[in-house]
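**Student:** got a predicted structure plus its sequence, pasted below:
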Amino acid sequence: MNKRAWKPFVAPKSDHDRQFGLHPLDAPDEIFGPLAGFVAIWRGKCQGASLPAWSAFDFYDFGGWHGWIHVDEMVSDDPFEMRCRLWGTELTDRLGIDETGKPLSLSPAIVERDLIRFYSNILRLPVIGTNVGMVSSYGRVSEWTVVKLPCPGNGREPDVILSCSLQGEALSFGPEYLLTGR
């Protein structure tokens, strides 16, 4: 796990009233509130200091979370691009769009300031990412908390982001659990 010294960081709220945060890999599960159980599933697949490979997960690992999960895979480093491999049915129902198979550059969320840098930092550092607050980029306004977890997909380096989103009151994080972006 990541034992580097970090400075507190959270991206300022965007025009869409959303914050993007970076957290050390060993941040306590409980800081992720209702998503703590999801983080614990991911952490349970870690092998010592190694991140869990995407292939280590099984459909049944995510009982109760299925409709809220989304998985993005990096398809290009320069320019940075990801493609959504899986978009949960609850997300489709609540946001009104199915992102499965679509590139990040064509997602309605691309209007969010610093989104590309946020995704890139999760994979390159690697770290746990969160975005919290009001989401309006999908044409509907609602409050969300999202946790994003790095996983190697096709090698040793992380190139997949396993995410879970919950609609409702957004979490807030103390500076002791936030890192500097690069």
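**Tutor:** Received, thanks. Please read all numbers here as calculations on a predicted model, not as lab measurements. Residues are numbered from 1 along each chain as shown.
**Student:** quick one: the helices in this structure?
**Tutor:** 36-44, 89-95, 115-124 (DSSP state H).
**Student:** what's the first one packed up against?
**Tutor:** Same thing as helix 36-44. The contact analysis (3 or more CB pairs under 8 Å, 6 or more residues apart in numbering; DSSP states H and E) places helix 36-44 against strand 142-152. No exception for glycine: its C-beta is placed from N, CA and C like everyone else's.
**Student:** in this structure Ala27 contacts Tyr177, no?
**Tutor:** Yes: using CB atoms under 8 Å, Ala27 makes contact with Tyr177 at a distance of 5.2 Å.
**Student:** excluding its backbone neighbours, what's nearest the residue most central in space within the chain?
**Tutor:** The centroid of the chain falls nearest to Lys148 when counting by CA atoms, centre = their mean (1.8 Å). Leaving out its chain neighbours, the residue that sits closest to Lys148 by CB to CB, 6 or more residues apart in numbering is Gly129, at 3.8 Å.
**Student:** so in terms of bridging, what pairs with the one you found?
**Tutor:** Per DSSP bridges, the residues bridged to Gly129 are Leu22, Lys148.
**Student:** by mean pLDDT, point me to the weakest helix or strand of the chain.
**Tutor:** strand 18-23 (a mean of 89; mean pLDDT, DSSP states H and E).
**Student:** now do the contacts for the residue nearest to the centre of the chain.
**Tutor:** The contact partners of Lys148, by CB atoms under 8 Å, 6 or more residues apart in numbering, come to Tyr119, Ile122, Ile128, Gly129, Thr130, Asn131, Ile161, Leu162, Ser163.
**Student:** of these, closest to Ala49?
**Tutor:** For the contacts of Lys148, the closest approach to Ala49 (CB to CB) belongs to Ile128, at 14.9 Å.
**Student:** averaged pLDDT, stretch 104-121. What do you get?
**Tutor:** Stretch 104-121 carries an average pLDDT of 92.
**Student:** distance from the chain centre to it, please.
**Tutor:** 11 Å (CA atoms, centre = their mean, to the nearest Å).
**Student:** go on, stretch 140-158?
**Tutor:** Taking CA atoms, centre = their mean, one finds the center of stretch 140-158 at 3 Å from the center of the full chain.
**Student:** between its first and last residues, how far does it reach?
**Tutor:** 32 Å (CA to CA, to the nearest Å).
**Student:** before we move on, what about stretch 79-94?
**Tutor:** 30 Å.
**Student:** ok so, going back, neighbour count winner among Ala27 and Tyr177?
**Tutor:** A side-by-side neighbour count of Ala27 and Tyr177, using other CB atoms under 10 Å, places Ala27 first with 22 against 19.
**Student:** thanks again, I'm all set now.
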